[in-house]
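Peer 1: Structure for this input, please:
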Amino acid sequence: MNIFRLLSPIKQEGTTFVAMMTVVFSNMAIGAPPEKDDPRITPTVKAVSRVLPSVVNIGTEKIISTGASPWNGSDPFEKMLRDFFNQQAGVKTLSLGSGAVIARGGLIVTNAHVVHRATKIIVRTSDGKNHLAREVASDQLNDLALLQLLDADSVNLPPIPLAKPDSLMLGETVIAVGNPFGLGNSISRGVLSATQREVSYRGKVIFSDILQTDAAINPGNSGGPLINIKGEMIGINTAIFEAADGIGFAVPIKRVENVLAKWLIPERFRDVSLGIVPAVEDENDKVTFKIQTVFPESPAWDAGLRAGNIITAVNGAPPKNVLAVGETLWRLDSGDKVALDVAERGRVVLKVRAIKVLDGEKLARNRLGLGLHILTPKLAVAMGYPFHGGLVVSKVLFPSDTIKRGDVLVRVNGNPVYDFKSLRRALANKRNGDRVTLFFVILEQQGGNIAISRNIVPLTLK
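Peer 2: Have a look, this model is predicted:
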């Protein structure tokens with residue numbers, strides 16, 4: 001069977017055939033396991049075997065961009081950035097990407113651009129099974145997103161091992177694991193070429209810590225892990241330089257951890273309040289775990305904790321990494337307790353409490369000044385929308401030239417909005433006078449076709 005001959009009809013027959021190929025290649029048997037002393041069991045083989053159960057393939061139905069590019073191919077990160085800043089006009093299609101399990105409970109990290117504007121997310125695990133997933137949070141600037149399997153209670157996926165932040169060596173062997181071209185789990189090996197690459201947007205440096213590798217990173221590798229020879233994730237594959245071979249990029253694990261720390265808190269998963277967001281700092285080879293944010297009127301605030309306090313232990317155990325702290329926090333429910341050893345205060349025991357929330361429609365009217373309705377499948381068909389999910393604007397309760405009836409609210413800041421429950425969580429720690437950014441999808445008929453664009457509106461909460 002010639003793999004290169006099979007690639008040709010994939011391009012000719014479109015996304016449906018790609019989906020079929022994903023199933024075929026994902027279920028191919030490799031053969032009988034080798035003997036323990038088999039000389040073929042190299043460090044690379046061991047590293048890949050260690051992480052494959054934690055790597056997933058991601059398919060999405062989404063709205064794709066068909067707009068012109070303002071970069072004209074001159075920026076190696078153009079494909080990623082233009083997806084976030086251009087006006088959108090597109091159709092529903094199937095996208096293939098990759099992801100890595102970062103916590104039990106079906107939590108998966110991937111690139112934001114893999115699931116950006118997705119109307120349906122399908123995750124294929126290493127056992128060949130498909131699972132629906134929801135987007136918990138995303139950060140487009142960092143190109144990271146957190147997903148959770150909808151049937152997480154019945155799935156037990158092992159988290160991927162993590163490398164220590166900044167434990168990188170130029171020239172060390174690295175391996176990109178992912179789902180290039182929809183061909184199931186695939187790997188490519190190379191070296192770590194650079195560790196402090198800059199990413200600029202319109203002349204402004206956005207990042208100065210991007211990892212560069214010559215390991216092949218192709219369409220579909222996005223969101224998959226970049227691992228070292230010990231089988232530890234050192235970054236998330238995120239982009240390729242289309243003008244040259246052998247140049248790929250990844251978000252470093254240190255930044256991945258700090259972004260995930262903002263999301264692995266109980267407030268993201270249920271209507272409760274604890275009140276802290278942890279973070280990690282690494283200076284002069286000394287790792288310090290701190291409280292980055294304390295929410296006002298939360299148990300942590302009432303206990304006297306403040307941003308900058310140093311965490312030395314969680315439930316009596318020194319934190320191994322910031323994700324280990326998040327692993328404890330995000331599972332907490334109303335009435336649960338957690339003990340934090342804080343350098344400035346000693347041991348502080350916090351009790352999680354339930355949040356009293358407004359009815360979803362009242363919340364939208366009172367705080368946003370909008371009448372909203374859930375965009376159900378039936379309503380989407382009636383309105384001619386090619387997707388469902390989100391909250392459609394039925395009434396604007398204040399003078400506005402930017403928000404109109406029929407616009408669909410899909411995100412508040414970095415929080416995806418599917419229904420009123422997700423809207424409550426997005427606004428849970430916001431107060432009167434706080435500024436938020438609302439992301440709307442707008443659909444218009446143009447010559448018999450549906451044109452899709454985005455509308456980004458800053459708003460002051462009531």
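Peer 1: quick one: low-confidence parts of the stretch 151-300 of the chain?
Peer 2: By pLDDT under 70, the low-scoring segments of the stretch 151-300 of the chain are 180-185, 199-207, 219, 240-245, 284-285.
Peer 1: How much space separates A343 from I311?
Peer 2: Distance, A343 to I311, by Cβ to Cβ, to the nearest Å: 8 Å. Just so you know, the C-beta spots here come from the backbone N, C-alpha and C atoms, and that holds for glycine as well.
Peer 1: do the same with R425
Peer 2: The gap separating R425 from I311 is 24 Å, by Cβ to Cβ.
Peer 1: Shouldn't D37 be within a strand?
Peer 2: No - going by DSSP: H, G, I helix; E, B strand; the rest coil, the assignment for D37 is coil, not a strand.
Peer 1: how near is it to S400?
Peer 2: Distance from D37 to S400, counting by Cβ to Cβ: 72 Å.
Peer 1: circling back: mind checking which of A343 and I311 has more residues around it?
Peer 2: I311 (23 against 12; other Cβ atoms under 10 Å).
Peer 1: Next secondary structure element downstream of the helix or strand harbouring L340?
Peer 2: Assessed by DSSP states H and E, L340 sits inside strand 337-342. Later in the chain than strand 337-342, the nearest helix or strand by DSSP H and E is strand 346-351.
Peer 1: Adjacent strands (with direction) for that next one?
Peer 2: strand 337-342 (antiparallel) (DSSP bridges).
Peer 1: which parts of the strand it pairs with are buried?
Peer 2: The neighbour-count check on strand 337-342 (16 or more other Cβ atoms under 10 Å) flags V338, L340, D341, V342 as buried.
Peer 1: Could I get the pLDDT score of the last one?
Peer 2: This points to V342. We have a pLDDT of 95 for V342.
Peer 1: For it, which non-adjacent residue is spatially closest?
Peer 2: Spatial nearest neighbour of V342, excluding adjacent residues (Cβ to Cβ, 6 or more residues apart in numbering): N309 at 5.0 Å.
Peer 1: The one you found contacts A343, correct?
Peer 2: Yes - if you go by Cβ atoms under 8 Å, N309 and A343 touch, sitting 7.0 Å apart.
Peer 1: on that earlier part again, how close does the residue nearest to V342 get to L329?
Peer 2: N309 is 15 Å from L329, by Cβ to Cβ.
Peer 1: Looking at the two, which is more packed in?
Peer 2: Taking neighbours as other Cβ under 10 Å, N309 and L329 compare with L329 leading, 24 against 20.
Peer 1: V277 is in contact with that one, correct?
Peer 2: No - if you go by Cβ under 8 Å, L329 and V277 don't touch, sitting 9.1 Å apart.
Peer 1: shared neighbours of those two, which are they?
Peer 2: I265 (Cβ atoms under 8 Å, 6 or more residues apart in numbering).
Peer 1: Do I have it right that A100 meets P53?
Peer 2: No - A100 is beyond contact range of P53, at 10.7 Å (criterion: Cβ under 8 Å).
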